[in-house]
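> prediction below, plus the sequence it came from.
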Amino acid sequence: MILIDTHADTLHRRAVRPGDENDVTADRLRRGGVTVQTMALFVGGSPVLSDIARTFDLMWQAGEKMKRESGLAFLTDYRDAAEGESAFLYSVEGCDLLNGDLALLSDWRERGVRMAALTWNYPNCVGTPAKVDADTPLTPFGREAAREMARLGIAPDTSHLNRRGFYDLLEMGLKPLASHSCCAALCGHCRNLTDDQLKALFQAGGYVGVNFYPYFLSENGKADLDTVCDHVLRMLDMGGEGKIGFGSDFDGIECKPQGLSGPQDFPALLDALRRRGVTEPLLRGIAGENLLRYYDRIDPR
């Protein structure tokens with residue numbers, strides 16, 4: 001089985017808190033049967049561009065160190081995933097560094113970045129995060145950047161983006177993804193997607209990776225394997241068959257669902273979905289095949 005996780009903040013943790021224990025390690029990926037772990041280059045805790053640039057440099061260095069220490073490959077295309085092996089792949093969380101310069105997207109793509117969240121929690125040159133407001137549209141440069149991402153085969157990532165920006169991407173005819181988001185109908189956090197958003201995204205050919213953060217999964221922050229399953233099943237009800245997967249947020253969340261403390265626990269989550277009636281063909285899709293098909297839609301090769 002191909003198993004892909006579309007979001008973890010391990011590079012940031014290794015870069016800025018190198019003494020901390022990580023949720024994601026090569027051993028835990030192998031034990032969990034994870035084929036590709038997406039590693040986010042995260043803008044970090046400051047909206048100052050010089051701080052973000054410094055943090056990005058540290059994360060690139062952390063990635064190089066992981067390559068040496070883990071012995072695992074860093075891929076440049078999810079479709080190069082090999083069943084039975086584990087590998088990493090880069091994403092970007094927050095396009096602040098573009099700062100009006102589309103050429104940087106080509107540099108990211110050459111380094112292996114295959115998805116880029118337009119914002120984190122700060123307004124930037126591209127758009128406005130859900131944390132700030134729901135109604136501010138993408139900037140004119142943000143529209144240019146999204147089109148250039150599509151041209152390069154970098155998926156525009158709507159996790160953290162506000163609702164107006166989300167619909168702007170769809171109205172442009174793009175097929176964005178949400179790398180680590182959940183259902184607003186089950187938990188009303190501003191980071192989560194409404195049923196209408198989910199239906200529109202799936203109809204457009206997009207993709208959602210279900211986030212494991214308990215405060216995105218339930219109103220009281222209490223969650224277990226079944227709570228994650230609830231969000232998966234809700235997305236299936238919204239038309240998500242063939243278009244959903246997992247976006248754990250490991251190493252970026254301070255608490256996790258009971259029974260899901262790291263990538264080594266993915267088999268338990270798959271078993272929970274089986275108990276909830278998810279068939280093996282559907283399960284293989286959710287585990288990873290759906291994401292491979294998503295890249296076939298946005299970047300045929």
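Here it is on my side, so go on.
> next, residue 208: secondary structure please.
strand (DSSP: H, G, I helix; E, B strand; the rest coil).
> now for it, how many residues are close by?
For residue 208, the neighbour count with other C-beta atoms under 10 Å is 32. Just so you know, the C-beta spots here come from the backbone N, C-alpha and C atoms, and that holds for glycine as well.
> so it makes contact with residue 236?
No. Contact between residue 208 and residue 236 fails when scored by C-beta atoms under 8 Å: they sit 10.9 Å apart.
> residues in contact with stretch 54-61?
Contact partners of stretch 54-61, identified using C-beta atoms under 8 Å, 6 or more residues apart in numbering, comprise 11-12, 14-16, 41-44, 46, 97, 111.
> overlap in contacts, residue 208 and residue 236.
With C-beta under 8 Å, 6+ apart as the test, residue 208 and residue 236 both reach residue 244.
> show me where this protein has helices.
Secondary structure of the chain (DSSP state H): helices at 10-16, 26-32, 49-70, 103-111, 140-152, 163-171, 195-204, 214-217, 225-237, 266-275, 280-284, 290-298.
> need these in a markdown table (columns: mean neighbour count).
Below are these laid out as a markdown table (neighbours: other C-beta atoms under 10 Å):
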| stretch | mean neighbour count |
| --- | --- |
| helix 10-16 | 23 |
| helix 26-32 | 18 |
| helix 49-70 | 16 |
| helix 103-111 | 15 |
| helix 140-152 | 19 |
| helix 163-171 | 21 |
| helix 195-204 | 19 |
| helix 214-217 | 22 |
| helix 225-237 | 20 |
| helix 266-275 | 17 |
| helix 280-284 | 14 |
| helix 290-298 | 20 |
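> can I get those in TSV including mean pLDDT and distance to residue 185?
Shown next, in TSV, are those (pLDDT from 0 to 100; distance: least, C-beta to C-beta, whole Å):
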stretch	mean pLDDT	distance to residue 185
helix 10-16	97	30
helix 26-32	98	29
helix 49-70	96	34
helix 103-111	97	34
helix 140-152	98	27
helix 163-171	98	15
helix 195-204	98	5
helix 214-217	98	12
helix 225-237	98	6
helix 266-275	98	19
helix 280-284	98	20
helix 290-298	98	21
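> who wins for proximity to residue 252 among the ones you listed?
Residue 252 lies closest to helix 10-16 among these, at 7.3 Å (C-beta to C-beta).
> centre of the chain versus the closest one, how much separation?
For helix 10-16, the separation from the chain centroid amounts to 16 Å (computed by C-alpha atoms, centre = their mean, to the nearest Å).
> hmm, who's touching it?
If you take C-beta under 8 Å, 6+ apart as the criterion, helix 10-16 is touched by 20, 22-24, 37, 39-42, 44, 55, 58-59, 61-63, 65-66, 250-252.
> can I get it as CSV, trimmed to CA atoms?
Output of helix 10-16 as CSV, limited to C-alpha atoms (Å, rounded to 0.1, in the frame of the first residue of the first chain):
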residue,chain,number,x,y,z
THR,A,10,9.5,18.3,11.4
LEU,A,11,12.0,20.5,9.5
HIS,A,12,11.0,23.6,11.5
ARG,A,13,11.3,21.7,14.8
ARG,A,14,14.7,20.4,13.9
ALA,A,15,15.8,23.8,12.7
VAL,A,16,14.7,25.9,15.6
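> what about stretch 70-82, start to end distance?
Terminal residues of stretch 70-82 are spaced 17 Å apart (C-alpha to C-alpha, to the nearest Å).
> in stretch 87-106, what's buried?
For stretch 87-106, the neighbour count (16 or more other C-beta atoms under 10 Å) marks 87-98, 104-105 as buried.
> so which of those would you say is closest to residue 180?
For the buried residues of stretch 87-106, the nearest to residue 180 is residue 93 (9.0 Å; C-beta to C-beta).
> wouldn't the closest one be in contact with residue 158 here?
No. The pair residue 93 / residue 158 is not scored as a contact, 11.9 Å apart, by C-beta under 8 Å.
> what residues are shared contacts of these two?
With contacts defined as C-beta under 8 Å, 6+ apart, the residues shared by residue 93 and residue 158 are residue 117.
> so for residue 1, which of the helices of the chain sits nearest?
Nearest of these (C-beta to C-beta): helix 280-284, 5.8 Å.
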